[in-house]
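# pasting the sequence and the predicted model now:
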Amino acid sequence: MNAPAPPGDAPALDPDVVLDTLVAHGYRELAVVPCSYLTPLLERAARRPDIVYFPATCEGEAISVAAGAWLAGRRVAVALQNSGLGDALNPLASLCLPYGIPVLFLVSVRGEPGTRDEPHHDVMGRTTARILDDVGIRHAWLPGDPDGFLRAIEEAECVMAATRRPYCLLTRKGSFRDLTAPVPPAPAAPRRPPSAAPALSRAEAIRRLRERLPADQVVITTTGLTSRELYAAGDRPTHLYLSGSMGCAGAVGLGLARAGRRPVAVLDGDGAVLMRFGTLVSAAASAVPGFLHVVFNNGCYDSTGGQPVQGAVPFAATAALLGYAATARCNSLAELQSAYDTLMSQPGPRLLEIKVTTDPVPAPRVPLALPEIATRLRALLDPPAAAAPAS
């Protein structure tokens, strides 16, 4: 690391102080891929009228948007989680560094050595600083006091001006103080007409789908609350609960479905699908009849604090245009049952868009070890060959 980590009990920064400092240095836009560690800062930024909050669909997009803004003389700061640093590396290494485009980005460090976190964060927690060092990006830990933060921004500005290279500020859990004082929300267009408001929670939709899906059908869930809610509805060895790998559930399910062993259902989220939107194209082109793609659409990243996704995407209509054989969209439990029956009477690939509420139901973490989840599914789909009898 270029700077030593602050002590674990370092004071938390007031998000408004952070944003005021960024605005004072010309950063009036924040391109974001959410993380729960960043929630206090992101909630504040999304509500302040003096800041443009840009919910990027993936980390590489956020970095690229900031790079494009710099070319036009504007300054956009980026905020993302270190699990997405791999996605951000492509534009950092092949755009910002060779073209000399400085981008200021904040990275929340999950899986930091010596802390307890989800197991899928371990690798990036150990290697975040080393990755930045290897590609030649200066970085420092975010100080916990306003004066220290101001000095950190000024240091970043000096480095970027002298080197024309990106600069990274690393943050950890508790870096930003939770604030309760309300901030008037910035004007925004409504995401959907009131008549289309959903009346179904994702947890209830998952319970009903589990009841209807055959017990031997493989089910892949996207990371976060979706995985927890399926496990709470009832575990099966045919379930693959993704922890991390956000946006990859559709492609994992497509790979399984193309193998032809069993029909596959993917339980996905709108933010996750947007992160790897090209998978919809691949699924449609593959024309796998046993592939069912369920997209829970609530317009936000529920698992990280409810930050808004970019735009209001009609997933079912888009899938139909791309070539999915059958698509449907529903808002209620009654519509879900009818839509499911109609879809399953047609050949695949199929996509079911379910509009759900934004009030997540508390669900426990999946208590299974990640290798165990993968091993038991592999044993079902590709059991070891029986030993040949002795001659």
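Perfect, thanks for sending it. Numbers count the residues shown, from 1 in each chain.
# OK, contacts around residue 82?
107, 108, 109, 110, 111, 121, 124, 125, 128 (CB atoms under 8 Å, 6 or more residues apart in numbering). No exception for glycine: its C-beta is placed from N, CA and C like everyone else's.
# show me the contacts for the fourth one.
Residues touching residue 110, when contacts are defined by CB under 8 Å, 6+ apart, comprise 35, 37, 81, 82, 83, 117, 118, 121, 124, 125.
# restricted to strands, list the contacts of residue 82.
107, 108 (DSSP state E).
# dump the contacts of residue 82 to CSV, plus distance to residue 64 and pLDDT.
Listed next are the contacts of residue 82 as CSV, based on distance: CB to CB, whole Å; pLDDT from 0 to 100:
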residue, distance to residue 64, pLDDT
107, 16, 96
108, 20, 95
109, 22, 95
110, 23, 92
111, 25, 90
121, 24, 86
124, 21, 91
125, 25, 91
128, 20, 95
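# where along the stretch 151-300 of the chain do the helices fall?
All helices of the stretch 151-300 of the chain, identified by DSSP state H, counting those that start in this stretch, fall at 202-212, 225-233, 249-259, 270-275, 278-286.
# which of those is buried the deepest?
helix 270-275 (a mean of 26; mean count of other CB atoms under 10 Å).
# nearest the geometric middle of this structure, what residue?
residue 246 (4.9 Å; CA atoms, centre = their mean).
# sorry, back to before: which stretch among the helices of the stretch 151-300 of the chain approaches residue 55 most closely?
Among the helices of the stretch 151-300 of the chain, helix 270-275 comes nearest to residue 55, with 8.6 Å by CB to CB.
# measure how far the closest one is from the centre of its chain, please.
Centroid separation for helix 270-275 versus its chain: 7 Å, with CA atoms, centre = their mean, to the nearest Å.
# which residues sit against it?
Residues contacting helix 270-275 (CB under 8 Å, 6+ apart): 57-58, 222-223, 246-247, 249-250, 279-280, 295-301, 309-310, 313, 315.
# same question, stretch 372-384
Contacts for stretch 372-384 (CB under 8 Å, 6+ apart): 218, 237, 238, 239, 240, 241, 256, 259, 261, 262, 366.
# what's the most distant pair in the residues you listed?
Maximum distance among the contacts of stretch 372-384 (CB to CB): 24.0 Å, for 259 and 366.
# residue 342: what secondary structure?
Following DSSP: H, G, I helix; E, B strand; the rest coil, the label given to residue 342 is helix.
# kindly state the pLDDT recorded for it?
The per-residue pLDDT reported for residue 342 equals 93.
# just residue 280 next, same as before
94.
# my guess is it contacts residue 250. True?
Yes. Counting by CB atoms under 8 Å, residue 250 is a contact partner of residue 280 at 7.3 Å.
# please enumerate the shared neighbours of those two.
With CB under 8 Å, 6+ apart as the test, residue 280 and residue 250 both reach 273, 293.
# do you have the helices of the stretch 1-150 of the chain handy? List them.
Using DSSP H, counting those that start in this stretch, helices in the stretch 1-150 of the chain cover 15-24, 39-47, 59-71, 85-91, 97-99, 122-135, 146-163.
# any idea how the chain splits into domains?
As given by automatic domain parsing, the domain ranges for the chain are 15-171, 196-381.
# which stretch in those has the least confidence?
Lowest mean pLDDT within the domains of the chain: domain 196-381, at a mean of 91.
# picking up where we left off before, report the buried members of the contacts of residue 110.
35, 37, 81, 82, 83, 118, 121, 124, 125 (16 or more other CB atoms under 10 Å).
# partner residues bridging residue 219?
Counting by DSSP bridges, residue 219 forms beta bridges with residue 239, residue 265.
# so it makes contact with residue 268?
No. Counting by CB under 8 Å, residue 219 stays clear of residue 268, with 11.2 Å between them.
# who's more crowded, these two?
Taking other CB atoms under 10 Å, residue 219 and residue 268 do not tie; residue 268 has more neighbours (28 against 23).
# tally of neighbours for the nearest residue to residue 249 once chain neighbours are set aside?
Nearest residue to residue 249, sequence neighbours excluded (CB to CB, 6 or more residues apart in numbering): residue 222, at 4.3 Å. Neighbour count for residue 222, taken as other CB under 10 Å: 31.
# now distance to residue 179 too, for the domains of the chain, in CSV please.
Below are these laid out as CSV (distance: least, CB to CB, whole Å):
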stretch, distance to residue 179
domain 15-171, 6
domain 196-381, 13
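# report how many residues lie close to residue 234.
Residues contacting residue 234 under the criterion other CB under 10 Å number 11.
# how about it, what does it touch?
Residue 234 neighbours (CB under 8 Å, 6+ apart): residue 210.
# relative to residue 15, how far out is it?
In this view, residue 234 and residue 15 are 40 Å apart by CB to CB, to the nearest Å.
# ditto for residue 240
37 Å.
# repeat for residue 274
Distance from residue 274 to residue 15, counting by CB to CB: 25 Å.
# now the buried members of the contacts of helix 270-275.
For those, buried by 16+ other CB under 10 Å: 57-58, 222-223, 246-247, 249-250, 279-280, 295-301, 309, 313, 315.
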